[in-house]
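Peer 1: The following block contains a protein sequence and its predicted model.
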Amino acid sequence: MVRFFIFISFFVLSSCQDENNLTDKSKVFRYNQPNSITSLDPAFAKSQNNMWAINHLFNGLVKLDDSLNIKPCIAKSWNISDDGLVYSFTLRDDVYFHKSQCFISNDSTRRLIADDVVYSLQRLIDSDVNSPGSWLFSDKVEGIKSFIAANDSTFILKLNKPFIPTLGILTMQYCSVIPKEAVEYYKNDFRSFPVGTGPYKLKRWVENEVLFLERNSLYFDKYYFHENAPQFIKTTFIPDKQIAALELLNNKLDLVAGLESSFINEFLDKEGRLRKEKQDKIQYIRSPYLNTEYIGINLEMAKNHNGLKLKKFRQALNYAIDRKLMLQALRNSVGSPANSGITPRGLPSFDEQKIVGYTFDIAKAKSLILACGFDNPSKIQPLILHTNNEYLDLATYVAKQWEKLGLKVVIELMDTAVLRDGMRKASIPLFRASWIADYPEAESYFCIFYSKNPAPPNYTRFSNVEYDRLYEEAVKENDNFKRYDLYHKMERLIIDEAPVIFLFYDESSVFINKNINGYVNNGLNILNLDRIWKTKN
């Protein structure tokens, strides 16, 4: 309770001035991010905390609806050449940037044109900018000359090879359109003074404390907002998720996303349902999330491990895990066992009938270890599983499952940044990881096993000639049914080779205030406030 009051006092003093000046609190939508925003520059939209804010502030050529269908946004229409190499976009003529001091007429605006799209995408791949999103076009375009403004209302993207998920890539926050004047005016401070075309604009950002956004009166989509939509968005950064949950129960927040062991049992029963005593205070929305949790095996380092280097041993590790019990014990049944490979539920190509992966079968696991030539599991080198503190309970569960096979397992706790660096540099052999789709296409998962990709995304260093052939054929196949058939062949190959231990397909868990209406979640877990409105308390 002492910690609680310290946090509450801190945020009241530092971040509530704007909200307290409002007579109608229903005009403010309040949510918490446990991790602070590091930048409001779309070129650095690398994490959910950044992405949610950038999604409010900016627009791209195209966008996703709640069902993850690609829809017009800044571009009102587009055309793709028969060879899949040229994408021509016709832009709206009523899109204006937020008012800013960066424009010639002080605190003015101007209309968005095709040159702005060219500048934004060229900047994304500029090595001087060093954007973590530069990989999006790294092997798909011939440098900056592939982005063309034919005229003010026509933008052309030229690829050097067909790539079916291109439109999906363009929905990512990395591809948001910005004005050149803002970057030149604010320079390195553009991260703190974003100028976009989005439904909301920056009002105030105090780093690590609060972000306050205001509705954009110039927004081009007049049907975007509900008539009672919030006038403001307030984002706080309370790191303790249990404290944030208390704030929600006390009507100080409108939304808290994600599960946390500190409050999961208080909010949900073992079947993943909101407890009855909470139902008069909050709503619980649970939906498929395009995220697969797994344990990765660095196959290069595995060559030095007498067990991991063998395919049947890796298969045994998969059979040894009771995924259903894992979800019940650790996540109150939120999520589903990853029994169908790497691609999660929610993707149109997902088919658990055609793709049969691993189910819990301890006898099968033991027989596979024997088939590897290990009559005594103690002869197998210890398995050193690397994870961060947030997933210690998951790693402990997996370790205990493997120990039932007679294996020795050591858990190595690492800071998240160190863990990711080790995965990237191939300095750790066995690691807990997850893969969240960048766009709603299975290719976003299959790319992590394509041998020509570095780490990221190919943290396992998987290399297979047949897999690469199927991948290269799939990314240029226009026919969905033919492409899905190729995906299924790739999935079966990955299951057989077992470069990863499949754990579970995630579900998003969102807890919202009872007076919030119109909230709809999506498979990428991106917060959209287009139809949300609040009733007065």
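Peer 2: Perfect, thanks for sending it.

Peer 1: At which residues are the helices of the stretch 301-450 of the chain located?
Peer 2: Along the stretch 301-450 of the chain, the segments classed as helices by DSSP state H, counting those that start in this stretch run 311-319, 323-331, 362-371, 392-403, 416-425, 443-446.

Peer 1: Can you report how many residues neighbour residue 414?
Peer 2: Using other Cβ atoms under 10 Å, residue 414 has 16 neighbouring residues. Where you see a C-beta, it was placed from the backbone N, CA and C, and this is true even at glycine.

Peer 1: For the nearest residue to it once chain neighbours are set aside, give me its contacts.
Peer 2: Of all residues not flanking residue 414 in the chain, residue 386 sits nearest, at 5.6 Å (Cβ to Cβ, 6 or more residues apart in numbering). By Cβ atoms under 8 Å, 6 or more residues apart in numbering, the residues touching residue 386 are 412, 414, 419, 422, 428, 430, 431, 432.

Peer 1: Mind doing that once more with 7 Å?
Peer 2: By Cβ atoms under 7 Å, 6 or more residues apart in numbering, residue 386 lies in contact with 412, 414, 419, 422, 428, 430, 431.

Peer 1: Pull out the buried members of those.
Peer 2: Neighbour counting over those (16 or more other Cβ atoms under 10 Å) leaves 414, 419, 422, 428, 430, 431 as the buried ones.

Peer 1: wait, the second one sits on residue 391?
Peer 2: No. Applying Cβ atoms under 7 Å, one finds residue 419 not in contact with residue 391, separated by 9.7 Å.

Peer 1: tilt between the longest helix belonging to the chain and helix 311-319?
Peer 2: What stands out as the longest helix in the chain, according to DSSP state H, is helix 480-497. Here the directions of helix 480-497 and helix 311-319 differ by 100 degrees (axes from the mean of the first three to the mean of the last three Cα atoms, to 10 degrees).

Peer 1: what about the closest residue to residue 85 other than its chain neighbours, distance to residue 137?
Peer 2: In space, not counting the residues next to it along the chain, residue 85 is nearest to residue 159; the distance is 5.0 Å by Cβ to Cβ, 6+ apart. Distance from residue 159 to residue 137, counting by Cβ to Cβ, to the nearest Å: 9 Å.

Peer 1: Settle it for me: which of the two has more neighbours?
Peer 2: Applying other Cβ under 10 Å to residue 159 and residue 137 shows that residue 137 carries more neighbours, namely 24 against 20.

Peer 1: Need the nearest residue in space to the more buried one, chain neighbours excluded.
Peer 2: Residue 137's closest residue in space is residue 125 (Cβ to Cβ, 6+ apart), at 5.4 Å.

Peer 1: Next, that neighbour: phi, psi?
Peer 2: Phi and psi for residue 125, reported as degrees, to the nearest 10, are phi -100, psi 0.

Peer 1: Surely it touches residue 133?
Peer 2: No. Counting by Cβ under 7 Å, no contact exists between residue 125 and residue 133, whose distance comes to 8.8 Å.

Peer 1: if we can go back for a sec, what helices or strands is the next helix or strand after the longest helix of the chain leaning on?
Peer 2: Using DSSP states H and E, the helix or strand that follows helix 480-497 in sequence is strand 500-513. Packed against strand 500-513, as judged by 3 or more Cβ pairs under 7 Å, 6 or more residues apart in numbering; DSSP states H and E, are the following elements: strand 255-257, strand 282-297, helix 311-319, helix 323-331, strand 336-337.

Peer 1: quick one, strand 500-513 and helix 323-331 angle?
Peer 2: Using the same axes, to 10 degrees: strand 500-513 against helix 323-331 is 40 degrees.

Peer 1: for the record, mean pLDDT for strand 500-513?
Peer 2: Averaging pLDDT along strand 500-513 yields 96.

Peer 1: Kindly report the same for stretch 153-164.
Peer 2: Here the average pLDDT along stretch 153-164 is 96.

Peer 1: quick one: contacts of that stretch?
Peer 2: Applying Cβ under 7 Å, 6+ apart, the contact partners of stretch 153-164 are 83-91, 93, 114, 117-118, 140-142, 146-150, 166, 475-478, 483.

Peer 1: Now a PyMOL select for only the buried ones of the residues you listed.
Peer 2: Only the buried entries of those go into this PyMOL selection, using 16+ other Cβ under 10 Å:
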select buried, resi 84+85+87+88+89+90+91+114+117+118+140+141+146+147+148+149+166+475+477+483
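
Peer 1: before we move on, back to that, can you list the helices of the stretch 301-450 of the chain in TSV and add mean pLDDT?
Peer 2: Shown next, in TSV, are the helices of the stretch 301-450 of the chain (pLDDT from 0 to 100):
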stretch	mean pLDDT
helix 311-319	98
helix 323-331	95
helix 362-371	97
helix 392-403	97
helix 416-425	92
helix 443-446	96
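
Peer 1: Residue 33: which of the ones you listed is closest?
Peer 2: Distance to residue 33, taken as Cβ to Cβ, is lowest for helix 416-425 among those, at 15.9 Å.

Peer 1: CA atoms of that closest one as PDB?
Peer 2: Taking Å, rounded to 0.1, in the frame of the first residue of the first chain, the C-alpha atoms of helix 416-425 are listed here in PDB:
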ATOM      1  CA  THR A 416      15.900  -8.800 -21.500                       C
ATOM      2  CA  ALA A 417      18.400  -6.700 -23.500                       C
ATOM      3  CA  VAL A 418      21.200  -9.100 -22.800                       C
ATOM      4  CA  LEU A 419      19.100 -12.100 -23.800                       C
ATOM      5  CA  ARG A 420      18.100 -10.500 -27.100                       C
ATOM      6  CA  ASP A 421      21.700  -9.600 -27.800                       C
ATOM      7  CA  GLY A 422      22.700 -13.200 -27.100                       C
ATOM      8  CA  MET A 423      20.100 -14.400 -29.500                       C
ATOM      9  CA  ARG A 424      21.200 -12.000 -32.200                       C
ATOM     10  CA  LYS A 425      24.900 -12.800 -31.700                       C
END
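
Peer 1: Can you name the residues in contact with it?
Peer 2: 386, 388, 414, 428, 431, 433, 455, 456, 459.

Peer 1: Hmm, residue 508 is touching residue 289, no?
Peer 2: Yes. Taking contacts as Cβ under 7 Å, residue 508 lies within contact range of residue 289: 4.1 Å.

Peer 1: ok, of the contacts of helix 416-425, which one's closest to residue 260?
Peer 2: Nearest member of the contacts of helix 416-425 to residue 260, counting by Cβ to Cβ, is residue 388, at 14.6 Å.

Peer 1: How about the contacts made by that closest one?
Peer 2: Going by Cβ under 7 Å, 6+ apart, residue 388 touches 413, 414, 415, 416, 419.

Peer 1: these two touch, right, residue 355 and residue 338?
Peer 2: No. At 10.8 Å, residue 355 does not count as touching residue 338 under the criterion of Cβ under 7 Å.
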